[in-house]
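> Pasting the sequence and the predicted model now:
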Amino acid sequence: MRSRRFRLLLLVLLAGLAAVIRVLRHSSLQLGKDEACDEEGAVVAKEGLQAFDEREVERESEGGVWYPWGDSGDGVCALHETRFGRALPRVLLLSFPCSGNTWLRYLLEGAAGLFTASEFADEELLRAGFLGEGEDPGSGRTLVQKSHGAVDKSRPDLAGRHEAVGPSTPAVLLLRDPRRAIISFWKLLSRPGDGRHTAQLAPQDFQNNAFRGHVERMTSQWEELATDRLLWNSAPLYVLHYERLLMDPLGHLRKILRFLGMPVDEERLRCLATHLEGSFKRSGNEDFDPYTEEEKRRLSLAVERVQRLLRLMGYPDPPLYEWQDALP
């Protein structure tokens, strides 16, 4: 058993090394061939990435249906439906918990008219119209499938993390400032049951050893989720930053739909533009600072390593989080 486990770990390490070699080779040989430069000479990469060619999607005429803007008072928008599809390819919507995954699902369902799935089965989301919440992620009936990878699961070793990646599956990787995401995740864990997605806590709820342990574990897991996917994914990967999605949701939706091979429905986007919030968009009220100086240092180093890897792999410069400006 130990010998088999050792061989698996060795294979994972070799796969990671091969990925690093591919990245270095790409950065040294392909720059200028597959990438363009903007007016200031900065590299602009992967903007037109597509996992699938654009195609017509067949929707089920029976079964679950939801009217996302049924009570909007707009006669045109109220008629738009969200339904299950047929023979859709599997695409992961991957993020650290509380990074805007559910809000992005709402935006995608509104734009494409197709349900999204999840590896979880959240009854609160199901009642709110996410009818794909209880759907088998591999059924071929949903546009994307929510996952948090190996975060907060009993897969602490390298082999378990590699298994959780599923490197041959196309994915959208959604990244959010870990200092905010970790606070939001703590709120979610502290308030089980209905309402937990929008729960609020008092400052004293963060002043205990349980929160300190949470920060230590989640700092590592935020970094691992990003780096494991970037290094091990062999299928097309679209990287999206939550902070940029906030600034231009419709612009980024167009790019994601292109990545997914989905036609853009301008009428649905017009309706979505007047209903951007949805029911589960993060409130953005994590402005207080519950972190110790050592926790801030570890978070800063984790963020810097992920940002450096993104640049090395040819992705556009990641956003600088507001707290990075205050670092010494």
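Structure received. All figures in this text were calculated on a predicted structure; none of them were measured in a lab.

> In contact with the most centrally placed residue in the chain, which residues are there?
Nearest to the mean C-alpha position of the chain, by Cα atoms, centre = their mean, lies residue 174 at 2.6 Å. Residues counted as contacts of residue 174 (Cβ atoms under 8 Å, 6 or more residues apart in numbering) are 93-95, 99-101, 104, 240-242, 245. Bear in mind the C-beta positions are built from the backbone N, C-alpha and C, glycine included.

> Let me know the closest of those residues to residue 68.
Residue 68 lies nearest to residue 104 out of the contacts of residue 174, by Cβ to Cβ, at 14.2 Å.

> from the contacts of residue 174, which ones fall inside helices?
Mapping those onto helices (DSSP state H) picks out 101, 104, 242, 245.

> ok, and the most crowded of these?
Counting neighbours by other Cβ atoms under 10 Å, residue 104 comes out on top of the ones in helices among the contacts of residue 174 with 26 neighbours.

> Next, residue 145: phi, psi?
Main-chain torsions, residue 145, degrees, to the nearest 10: phi -130, psi 120.

> Show me where this structure has its strands.
36-37, 43-44, 65-66, 82-83, 92-95, 117-118, 145-147, 171-175, 237-241 (DSSP state E).

> quick one: which of these is nearest residue 51?
Across the strands of the chain, residue 51 has its closest neighbour in strand 237-241 (7.5 Å, Cβ to Cβ).

> Paired strands for the closest one, with orientation please.
Sheet pairing for strand 237-241, assigned by DSSP bridges, gives strand 171-175 (parallel).

> now the partner strand, how far from the centre of its chain.
Mean-position distance between strand 171-175 and its chain equals 4 Å (Cα atoms, centre = their mean, to the nearest Å).

> in that strand, what counts as buried?
By neighbour count on 16 or more other Cβ atoms under 10 Å, the buried set for strand 171-175 is 171-175.

> can you give me the mean pLDDT across that strand?
Strand 171-175 shows a mean pLDDT of 97.

> Stretch 189-200 too?
Mean pLDDT, computed over stretch 189-200, is 64.

> Next one: residue 128 relative to residue 147, how far apart?
20 Å (Cβ to Cβ, to the nearest Å).

> just residue 211 next, same as before
Counting by Cβ to Cβ, the gap from residue 211 to residue 147 is 25 Å.

> Just give me the neighbour total for residue 262.
By other Cβ under 10 Å, neighbour count at residue 262 equals 24.

> Grab the nearest non-local neighbour of it.
Using Cβ to Cβ, 6 or more residues apart in numbering and skipping the chain neighbours, the partner closest in space to residue 262 is residue 112 (5.3 Å).

> quick one: least confident helix or strand in this structure?
strand 43-44 (a mean of 33; mean pLDDT, DSSP states H and E).

> Could you give the average pLDDT over stretch 86-102?
95.

> quick revisit: so in terms of bridging, what pairs with the residue nearest to the centre of the chain?
Going by DSSP bridges, residue 174 is paired in beta bridges with residue 95, residue 240.

> which regions of the stretch 1-150 of the chain lie under the pLDDT threshold?
Along the stretch 1-150 of the chain, segments meeting pLDDT under 70 span 1-48.

> rerun at 50
4, 6-12, 14, 17-18, 20-45 (pLDDT under 50).

> Tell me where it has helices.
With DSSP state H, counting those that start in this stretch applied, the stretch 1-150 of the chain shows helices at 2-29, 101-112, 123-127, listed in chain order.

> Now do the same contact list for the residue lying closest to residue 138 once chain neighbours are set aside.
Take residue 138 and drop its neighbours on the chain: the residue closest to it by Cβ to Cβ, 6+ apart is residue 90, 6.0 Å away. With contact set as Cβ under 8 Å, 6+ apart, residue 90 has these partners: 137-138, 140, 145, 169-170.

> ditto for residue 181
Residue 181 neighbours (Cβ under 8 Å, 6+ apart): 96-99, 222.

> if we can go back for a sec, which of residue 211 and residue 147 has more neighbours?
Neighbours per residue (other Cβ under 10 Å) separate residue 211 from residue 147, with residue 147 holding more: 23 against 20.

> Throw the contacts of residue 174 into TSV and include distance to residue 67, thanks.
Shown next, in TSV, are the contacts of residue 174 (distance: Cβ to Cβ, whole Å):
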residue	distance to residue 67
93	23
94	28
95	27
99	27
100	24
101	23
104	20
240	27
241	31
242	27
245	24
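
> Isn't residue 177 up against residue 243?
Yes - contact between residue 177 and residue 243 holds when scored by Cβ atoms under 8 Å: they sit 6.7 Å apart.

> Find residues that contact each of these two.
What both residue 177 and residue 243 touch, as defined by Cβ under 8 Å, 6+ apart, is the set residue 321.

> When these two are compared, which one has more neighbours?
residue 177 (22 against 17).

> State the distance from that one to residue 184.
Relative to residue 184, and taking Cβ to Cβ, residue 177 is found at 10 Å.

> Show me which positions of stretch 78-98 end up buried.
Neighbour-count burial for stretch 78-98 [16+ other Cβ under 10 Å]: 80, 82-85, 88, 90-98.
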